[in-house]
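Student: Kindly generate the corresponding structure for this input.
(3 chains, ligands or ions: 3)
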Amino acid sequence: MLPWQVLATSSLLGAFAFMGGGYAVLFVAAMLSERRPLTRIAYACYAAQCACLLTVLWISPLEVIWKIFLIGSCAAYAVIPPITWRYLRRLHGA
Amino acid sequence: MQERLSFPESQSLALKYFTVSVVLFGIVVVAGLLAAIDYVHPQFLYPALPFSILKILHIDVLIIWILMAFMGALFWLLPAEYGRELVGLKLANIIFWIFCATVLVVAAIFVFVQVGPGTEKTLWLVNQGRKYVEEPRWAAIIVAIGVAVFVYNIVGTAIASKRVTGVVWVVILNLVPLFFLYLIAFPAPTNISVDQFWWWWLVHFWVEATWEVMIGSIVALVLMRLMGTSRRIVETWLYIEVALVLATGVLGIGHHYFWMGAPAYWLGIGGFFSALEPLPLLGMVVHAVYDAGEHHMKMTNEPAFYWMMAEAFGNFIGAGIFGFMITLPQINLFAHGTQWTASHGHFAMWGAYCGVISVIYLALQDHRRAALFAGATWKWGFALLNGGMIGMVGSLMMAGMAQAFYERAIGGSTFNAFVSASSSPWFIEGLGMRLVFAIVFTAGYVVLAYDLLTIGKRVLETSRAGGPARAPAE
Amino acid sequence: MFARDPLFWRAGAVSSLIVTLVVLAMLTTDTLRVITAGGQNVPTYTVINHQIGYEYVTDRNEYMPTIGGQEPLFGKIYSPAQAEALVRHGKLVIQSRACLDCHTMFGTGAYYAPDLTKAWLDPAWEHLWMPMTGTHTRADAIAAFLQHPEQYPTWTREMPNLHLTLDEAQAVVAYLKWVSAVNTNGFPYGFKTAAAGGT
Ligand code: HEM
Ligand code: HEM
Ligand SMILES: [Fe+2]
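Tutor: Numbers count the residues shown, from 1 in each chain, chains lettered A, B, ... in the order given. Ligands and ions are numbered 1, 2, ... in the order given. So this is what the prediction gives:
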């Protein structure tokens, strides 16, 4: 990796995980409060996460195997909030 | 007149542990502050108290601080699970005082003796020079005995009560490895690769496995009491959490085996499993938000609630995100062993374990029979501490990125590269800013300590109730 | 539904733990074999009798240590037992002086002072400290520096005098030489010895 690519890749990965977290938190908050606009911001976060992923795929010399791994985790981040949400509802007997 | 506490003996023991843990937290902060000054003014206290000694005080006391807080938390919370007092109270009281004396003596040795000749004797009496567990072996033996007495109390009481709930099982099974891992503090292998191989078992399996499970169990117990969440829900969630944390965290140890002589397959294994570690932490955040939404209204202990939330978010961001940024081997090759590591280390350790403050607030509420814990003071402590920490880790990350860039990526990590990276404006500004935020953090500590001493006693903020605020457990 | 049953997840926790522990045990056995002195990645202690280098290996795309011909240390060739005793002494000195609470080794330790993984090969000995200490070999320069670091300051952060005896300093030098020959999967990246034109 070139020196700048190290910092760029790492920062993008940080933003990737941060946006995934934002999506999850806002998604659950939106469901709890039943506020539509919040849901939209949540999806916007996920879109930003995907954008981070695409940028990494594009500019970063990470090995292919790690890129595939990241694509997989991005997919996992997509489904974790809704699944967790439904699971928590059921667990709490609602 | 009602009993003040439901299990007065165990719980006053717990309060002692809490008190000392808060004092130790203060020592951690002061030592950290002094060490941070060294980066800005290298001549500060030099050579009377070199950086190494300050760092030792900072991180060794840190370990003891969190361990004592864990012990206090379990001594406080578990009697209600057991429905009885602890079996080994007397022993725990004796070991408590021995423990405190040991900490004092070791601190004095570090400050006044510091180091010794290169013999086994020095390792026994003065300094072992192994990160996080520098305490000389005689003291390490006492720590081990202290932890063993603690384990005896938890397990023995469970047996005596004949009531082992799911949470208690998790606590007990987790304490076994926690104790045995500490024994890695003793050996001094010649071969540094072998040394570091086992040493990481201690460090990584403590902070990313056994301590995580420990704080998870404590949170589970707190949730039942603070929010009245049902046992079935809490236990189910705890099992899920434990499954995921261990499934990713155990082999995640590989992220420390990239560059210490171990085979190259650890690059793949360590990178893969540790990169999955953020996911369970994200699950915890989601759960915390869910619980917050469900129970927001009935809050009688604001600081306990908010510190619990800080824990969930801090764990995900500090450990999950900041760790993820440096855990893939291709990036770690450059970020490794720089201020960037310190950035993640601080955020993760704080994020994951600041939850113990929540338990202290809970305990104090029972102890002081306050109907409501609220007011402005705790908010100042909360904001200064968390704001200070975020500022510190942000500054360290800036300095660390500069170091990775100039020293590791461009300069080839020679002495010359180290010096020139340390002279780059990004690095110097970063460490300067860290010091500023360290002062903010320290102010937060002072407010927190004041608040813990007085909350519930200040007439204006709280209404005194005649009896315990909530029905004592059970 | 089964997923709401705590016992389902308890079984999950236990079985995932067992699986990962079994894998960990297997990898640990293999790794210990590779990292004992004389294993695949970690040289025997007699490597201190040899010339050591660090070179880029194109087909592995990483830097690796190289072990060359004989090169006596402090004018001596050590037997396996002597070498091990010397390196052992070096480790005890490093622990008893808490060197790794200022420095790192393999990148682990403290970040106040430079990484010692390749300290033996550092071009600064040739460029900086051999002239400063008036010594003619790298080993002598390091030993001189370690005994009186306060006499050879080079920048704002200084290393304190930790009162190493000559024996202790030489043992540390042997230790650093041995460590520099460990195969660390290419860390540190891009490190150049004086011979390779490093500064
Ligand atoms: C509770 C959770 C965690 C805590 C308390 C924690 C704490 C720490 C600490 C204190 C260090 C420095 C160790 C040393 O050299 O002394 C460290 C290193 C490291 N951590 Fe974490 N960590 C946690 C979770 C994670 C997670 C989830 C990841 C990955 C996603 C991670 C990745 C790393 C990496 C890669 C290093 C090595 C840095 C280097 O190469 O210098 N950590 N961690
Ligand atoms: C005023 C606040 C603090 C300051 C100024 C401070 C400063 C420092 C300094 C200078 C180091 C040495 C880093 C190096 O080797 O260069 C350090 C290490 C460390 N500190 Fe702190 N610290 C503070 C608070 C804390 C807190 C609250 C925690 C934990 C909850 C903590 C955990 C650690 C850990 C785990 C390390 C070892 C990290 C590593 O070597 O990678 N510190 N700190
Ligand atoms: Fe780790």
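
Student: residue of chain C with the smallest distance to chain A?
Tutor: Ranking the residues of chain C by distance to chain A (C-beta to the nearest C-beta) places C:Arg4 first, at 5.8 Å. (Glycine included, C-beta is placed from N, CA and C.)

Student: Is that residue in contact with B:Thr236, as I believe?
Tutor: Yes - counting by C-beta atoms under 8 Å, C:Arg4 does reach B:Thr236; the two are 6.8 Å apart.

Student: Who has more neighbours out of those two?
Tutor: Taking other C-beta atoms under 10 Å in any protein chain shown, C:Arg4 and B:Thr236 do not tie; B:Thr236 has more neighbours (22 against 15).

Student: okay, and the common contacts of C:Arg4 and B:Thr236?
Tutor: A:Leu91 (C-beta atoms under 8 Å, 6 or more residues apart in numbering or on different chains).

Student: Which parts of chain C belong to which domain?
Tutor: With domains defined by automatic domain parsing, chain C comprises C:1-35, C:42-180.

Student: what's the pLDDT at residue 50?
Tutor: Picked chain A for this. Looking at A:Cys50, its pLDDT reads 98.

Student: not quite, I wanted chain C
Tutor: For C:His50, the pLDDT comes out at 98.

Student: ok, the closest residue to it other than its chain neighbours - contacts?
Tutor: Counting by C-beta to C-beta, 6 or more residues apart in numbering or on different chains, C:His50 lies nearest to C:Ile67, which is 5.2 Å off, once chain neighbours are set aside. Applying C-beta under 8 Å, 6+ apart to C:Ile67 gives the contacts C:Pro43, C:Val47, C:His50, C:Gln51, C:Ile52, C:Gly53, C:Ala181.

Student: check contacts around the residue of chain B at minimum distance from ligand 2.
Tutor: Taking C-beta to the nearest ligand atom, ligand 2 has its nearest neighbour within chain B at B:Gly32, 2.7 Å off. Counting by C-beta under 8 Å, 6+ apart, B:Gly32 touches B:His58, B:Ala438.

Student: Which of the helices or strands spans it?
Tutor: helix B:8-40 (DSSP states H and E).

Student: hey, where'd the strands end up in chain C?
Tutor: For chain C, the strands defined by DSSP state E occupy C:50-57, C:62-70, C:104-105, C:108-109.

Student: so who does A:Thr39 touch?
Tutor: Going by C-beta under 8 Å, 6+ apart, the list of residues near A:Thr39 reads A:Leu26, A:Phe27, A:Ala30, A:Met31.

Student: Likewise for B:Ile331?
Tutor: Per C-beta under 8 Å, 6+ apart, neighbours of B:Ile331: A:Met1, A:Val6, A:Thr9, A:Ser10, A:Leu13, B:Met325.

Student: If I follow the layout properly, the last one ends up in contact with A:Ser11?
Tutor: Think B:Met325. Yes - using C-beta under 8 Å, B:Met325 is in contact with A:Ser11, at 7.5 Å.

Student: coming back round to it: can you list the domains of chain C in JSON lines and add distance to ligand 3?
Tutor: Formatted as JSON lines, those follow (distance: least, C-beta to the ion, whole Å):
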{"stretch": "domain C:1-35", "distance to ligand 3": "14"}
{"stretch": "domain C:42-180", "distance to ligand 3": "11"}
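
Student: Point me to the residue of the stretch 251-400 of chain B nearest ligand 1.
Tutor: B:Gly323 (2.4 Å).

Student: now that residue: how far from C:Thr154?
Tutor: Distance, B:Gly323 to C:Thr154, by C-beta to C-beta, to the nearest Å: 34 Å.

Student: between the two, who's got more neighbours?
Tutor: Neighbours around B:Gly323 and C:Thr154, counted as other C-beta under 10 Å, are more numerous at B:Gly323. The numbers are 23 against 15.

Student: end to end, how far does stretch B:220-236 reach?
Tutor: End-to-end distance of stretch B:220-236 (C-alpha to C-alpha, to the nearest Å): 10 Å.

Student: contacts for it?
Tutor: Here stretch B:220-236 has contacts from A:91-92, B:77-78, B:80-81, B:165-167, B:237-238, B:291, B:294-295, B:298, B:301, B:304-305, B:308, B:358-359, B:362, B:470, B:473, C:4-6, C:9, using C-beta under 8 Å, 6+ apart.

Student: now do 6 Å
Tutor: Contact with stretch B:220-236 is made by A:Leu91, B:Leu77, B:Gly166, B:Val167, B:Leu238, B:His295, C:Pro6, C:Trp9, as judged by C-beta atoms under 6 Å, 6 or more residues apart in numbering or on different chains.

Student: pLDDT averaged over that stretch - what is it?
Tutor: 85.

Student: and it, how far from the chain's centre?
Tutor: 22 Å (C-alpha atoms, centre = their mean, to the nearest Å).

Student: In it, which residues are buried?
Tutor: Buried residues in stretch B:220-236, counted by 16 or more other C-beta atoms under 10 Å in any protein chain shown: B:220-227, B:229, B:233-236.

Student: Among the residues you listed, which lie within helices?
Tutor: B:Ala220, B:Leu221, B:Val222, B:Leu223, B:Met224, B:Arg225, B:Leu226, B:Ile233, B:Val234, B:Glu235, B:Thr236 (DSSP state H).

Student: Out of these, flag the one nearest to C:Asn161.
Tutor: Nearest to C:Asn161 among those, counting by C-beta to C-beta, is B:Val222 at 50.6 Å.

Student: okay, residue 58: pLDDT?
Tutor: Unless you meant another one, I'm taking chain A. pLDDT for A:Trp58: 96.

Student: that's the wrong chain, I meant chain B
Tutor: 98.

Student: give the contact list for it.
Tutor: Here B:His58 is in contact with B:Val28, B:Ala31, B:Gly32, B:Ala35 (C-beta under 6 Å, 6+ apart).

Student: Could you do B:Trp201 as well?
Tutor: Contacts of B:Trp201 (C-beta under 6 Å, 6+ apart): B:Ile184.

Student: about what we covered before: Throw the buried residues of stretch B:220-236 into TSV and include distance to B:Ala342, thanks.
Tutor: Shown next, in TSV, are the buried residues of stretch B:220-236 (distance: C-beta to C-beta, whole Å):
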residue	distance to B:Ala342
B:Ala220	31
B:Leu221	32
B:Val222	30
B:Leu223	32
B:Met224	36
B:Arg225	36
B:Leu226	33
B:Met227	35
B:Thr229	36
B:Ile233	38
B:Val234	35
B:Glu235	37
B:Thr236	37
